[in-house]
Structures are given as structure tokens and as C-alpha cells.
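Undergrad: Task: produce atomic coordinates for the following.
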Amino acid sequence: MKSGPYKRRERPSVFTERKREIALVVCTAVLLVTGLAGAAREVKVIVDDQVISVATTALKVGDILRQAGVELHEGDEVTPGVSERVYGSATITVTRAVPVTLAVDGREIKMVTTGPMVKHVLAQAGVLLRPDDKVSPGMEAGLTAGMQIKVIRVTSEVVTKQVRLAYRIEKRSDPSMDRGKTKVLRPGVEGVMEQKVLVTYEDGRPVKEKVLSSKVVRQPVSKLLAVGTRNPVRTLYTSRGAYRYRECYTMLATAYEPGPTSCGRYADGYTAIGMKAEPGVVAVDPRVIPLGTKLYVEGYGPAIAADVGAAIKGNRIDLLFETVEEALRYGKRWVKVYVLEP
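TA: Below is the predicted model:
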């Protein structure tokens, strides 16, 4: 009996076995993804402080946000990114951008940012601060919509200044000038002080000065002023005419006659300055009214200070009458005595 040829079965190679294993893993993964994609799962969407839970089969972040009703605006920040895919119970975070205005270096920059603080805005705008610069509000302040942020550039320099020093005014009484009048005897000269000053500027505007040192380079010279002390000329109108006068005294007036009754046994009919003793002569205290001064005495008339008396001291005046009777009749009274102009 004739038998056919014998065929031996070959075993699969190791390489073929590895290919089968890889194909099995890929098929399993596809089945898993397909299963996950087809099944709805819960995704949390956090918008600022609000949490929205959404059941979805979508994988792309942008699709999930649309399904959650979240509308994105310019500058909003989304984590993970809008075009990325998420699997399982994922969490998507949306940080809303707010509009702010940044004023710096003479410019006004309008921008939207997610911040969350002022310092982040400056970093986003590429603003570099110097050590003394100021920021309002502060760097750590939280952002709010419409916030105005201002950067104030602070600089300083030392400058030399000349400061004027005022002169004093010295007054000297002048009895030869009427009261209220003055005359410059020596003009005043201002002094000069040199100062080293630290000047601080904010945005180029000087806001503070600090004197570091000072020295007087020229002393001031005082102004010398003559001040009139004499009463101005005034006019006295009487029934006997008009009289010009400067001084007026209120005095206690008494009366005397030129004979021995009033002047003693040595009376010779002449006054202390050698004038004939007659009506119109009056006795005064020379320390108050100099002898020889022309006067007008209220209720008596024109007179001349030509005599003295032992009892006539200070603001007292003694009026000469012709007779003892007239002197006694006059008695004693207060009167105004006008010192007349020569």
C-alpha cells in the first residue's frame, strides 16, 4: 500500500504572536473609548466662584462649555484649553477677564485681564517699576471691572537755590516831621542764602523739597526810616480869628495880677523873660511849654508864655489880669491851651 507524503504543521513565530497581542490591546482601547464616548458623564465647570455640573458625552472643552451655556469673552482664561479633550469626570475652570485702565508714563492703556491683582496687570503690560515709584491702588489690590490703575514715576535730584533774605526796618523818631510822615534815611538791601535742596518729583512735577544745607552769602542791610512825631498843623477858628496850631493841652488855669498882691513885695511889673507884665502874658511850666511860645487860651484869648510861678508845675497855667478883682473873678477852671505856630 502506498501512502502519500507526510506534511508537518509549523508553529507560529514569536513575531507573529507579538503582532496579535498588540492588535488585541488596540481593539480593547478602541472599544473602551467608544464606550466612554457613547456614555454620558458628569463634568464640573467652574466660572469664577460659580460651579456648574453638566452631564455630557462631548470630549472637547469648547463643546462642553457651549452645552453648559458658558459664553466666553475677550481675555477669559480656560483651563484646560478650549480645543483640548477631557475624559471622565473632569473639571473645567473659566476665569473671567475684567476691563481695567492703566495710566503710566503719560499713556492710558485700556486692557482686559484675568489678574487677579494689580501686580499681574503691570506684568502683563510689561511695566517695570523703579524703587521709589508709586502704584495706586497698591500692588496686592484685587481687580474690579473698570478699575483705574495709576503708576506714578518718582524721581529726585539735588539742586542749588538762592533764597532772598528780607531786611529789617528800623524806625527813628523825628520831631521835625509831622506825625504820619516818613523819610527813608537808608534803603534796605536784601540778603542772599544759598541752599542745597533735595527736590522730589512725581511724574515730572515737584511735590516735595528738603533742605540739605544752607549758608548766607550776603547779609541783609536794614532799612532806616525817619518817622515824624510832630502833630500836624491844624486851624482853630474863634471869634477873634483863625489860629494855626500843632499842640493842644488841657490845663488847670488860675489867675494873677502884676502887683504885690499876687507877685509879692518885689513885684516890678516885668515877667521872668523881661516882658512888661500885662494882659496876654501867662505863666507856665517851661518843661511843658517853652518860654516865649505863643498860645491861645480858651476863654482868655491870644497869649504868650513869658512868666513862671512857684505853684505852676506840669499842666497848670496862670493867666495875667490887670486887677485883683478880675483875677479873683476868674478863679480856677480847666481850659484848652493851643500852642500856636510861629
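Undergrad: Would you map the strands across the stretch 151-300 of the chain?
TA: 154-165, 169-178, 182-186, 191-202, 205-218, 223-230, 234-238, 241-256, 281-283, 294-297 (DSSP state E, counting those that start in this stretch).
Undergrad: Show residues contacting the fourth one.
TA: Meaning strand 191-202. Strand 191-202 is contacted by residues 134, 152-165, 167, 206-221 when judged by Cβ atoms under 8 Å, 6 or more residues apart in numbering. (Each C-beta comes from the backbone N, C-alpha and C, glycine too.)
Undergrad: circling back to that earlier point, will you turn the strands of the stretch 151-300 of the chain into a markdown table that also has mean pLDDT and mean neighbour count?
TA: Putting the strands of the stretch 151-300 of the chain into a markdown table (pLDDT from 0 to 100; neighbours: other Cβ atoms under 10 Å) gives the following:
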| stretch | mean pLDDT | mean neighbour count |
| --- | --- | --- |
| strand 154-165 | 96 | 12 |
| strand 169-178 | 94 | 12 |
| strand 182-186 | 96 | 12 |
| strand 191-202 | 97 | 15 |
| strand 205-218 | 96 | 11 |
| strand 223-230 | 95 | 16 |
| strand 234-238 | 95 | 11 |
| strand 241-256 | 96 | 16 |
| strand 281-283 | 97 | 25 |
| strand 294-297 | 98 | 19 |
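Undergrad: can I get the ones you listed in JSON lines with distance to residue 310?
TA: Converted to JSON lines, the strands of the stretch 151-300 of the chain look like this (distance: least, Cβ to Cβ, whole Å):
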{"stretch": "strand 154-165", "distance to residue 310": "59"}
{"stretch": "strand 169-178", "distance to residue 310": "30"}
{"stretch": "strand 182-186", "distance to residue 310": "43"}
{"stretch": "strand 191-202", "distance to residue 310": "59"}
{"stretch": "strand 205-218", "distance to residue 310": "62"}
{"stretch": "strand 223-230", "distance to residue 310": "31"}
{"stretch": "strand 234-238", "distance to residue 310": "31"}
{"stretch": "strand 241-256", "distance to residue 310": "11"}
{"stretch": "strand 281-283", "distance to residue 310": "10"}
{"stretch": "strand 294-297", "distance to residue 310": "20"}
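Undergrad: ok, the closest residue to residue 168 other than its chain neighbours to residue 194 distance?
TA: Nearest non-adjacent residue to residue 168, counting by Cβ to Cβ, 6 or more residues apart in numbering: residue 222, 4.3 Å away. Going from residue 222 to residue 194 by Cβ to Cβ, to the nearest Å gives 21 Å.
Undergrad: same deal with residue 237?
TA: 63 Å.
Undergrad: for residue 42, same thing?
TA: Distance from residue 42 to residue 194, by Cβ to Cβ: 80 Å.
Undergrad: Same check on residue 329?
TA: Going from residue 329 to residue 194 by Cβ to Cβ gives 80 Å.
Undergrad: And for residue 158?
TA: Taking Cβ to Cβ, one finds residue 158 at 13 Å from residue 194.
Undergrad: repeat for residue 323
TA: Applying Cβ to Cβ to residue 323 and residue 194 gives a distance of 83 Å.
Undergrad: same check, this time on residue 116
TA: Distance from residue 116 to residue 194, by Cβ to Cβ: 52 Å.
Undergrad: Also residue 207?
TA: Counting by Cβ to Cβ, the gap from residue 207 to residue 194 is 23 Å.
Undergrad: Same question for residue 113.
TA: 51 Å.
Undergrad: Over to residue 173?
TA: Counting by Cβ to Cβ - residue 173 and residue 194 are separated by 37 Å.
Undergrad: Can you name the residues bridging to residue 256?
TA: Beta bridges link residue 256 to residue 320, judged by DSSP bridges.
Undergrad: these two touch, right, it and residue 330?
TA: No. The pair residue 256 and residue 330 fails to qualify as a contact (Cβ atoms under 8 Å) at a distance of 9.5 Å.
Undergrad: shared neighbours, those two?
TA: 319, 321.
Undergrad: in stretch 256-274, what's buried?
TA: Neighbour counts over stretch 256-274 (16 or more other Cβ atoms under 10 Å) mark 256-259, 262-263, 271-272 as buried.
Undergrad: And for it, what's in contact with it?
TA: So stretch 256-274 is contacted by 276-278, 281, 283, 291-292, 306-309, 318-324, 326-327 (Cβ under 8 Å, 6+ apart).
Undergrad: Please compute how far it lies from its chain's middle.
TA: Put simply, stretch 256-274 sits 78 Å off its chain's centre (Cα atoms, centre = their mean, to the nearest Å).
Undergrad: end to end, how far does it reach?
TA: 17 Å (Cα to Cα, to the nearest Å).
Undergrad: Past the lowest-mean-pLDDT helix or strand in the chain, which element shows up next along the chain?
TA: Ranked by mean pLDDT, DSSP states H and E, the weakest helix or strand in the chain is helix 14-38, scoring a mean of 51. Remark: after helix 14-38, the chain's next helix or strand is strand 41-47, criterion DSSP states H and E.
Undergrad: now for the helix or strand containing residue 329, which elements pack on it?
TA: Counting by DSSP H and E, the element that carries residue 329 is helix 324-330. Helices and strands touching helix 324-330, by 3 or more Cβ pairs under 8 Å, 6 or more residues apart in numbering; DSSP states H and E, are strand 241-256, helix 260-263.
Undergrad: Appreciated, that's everything.
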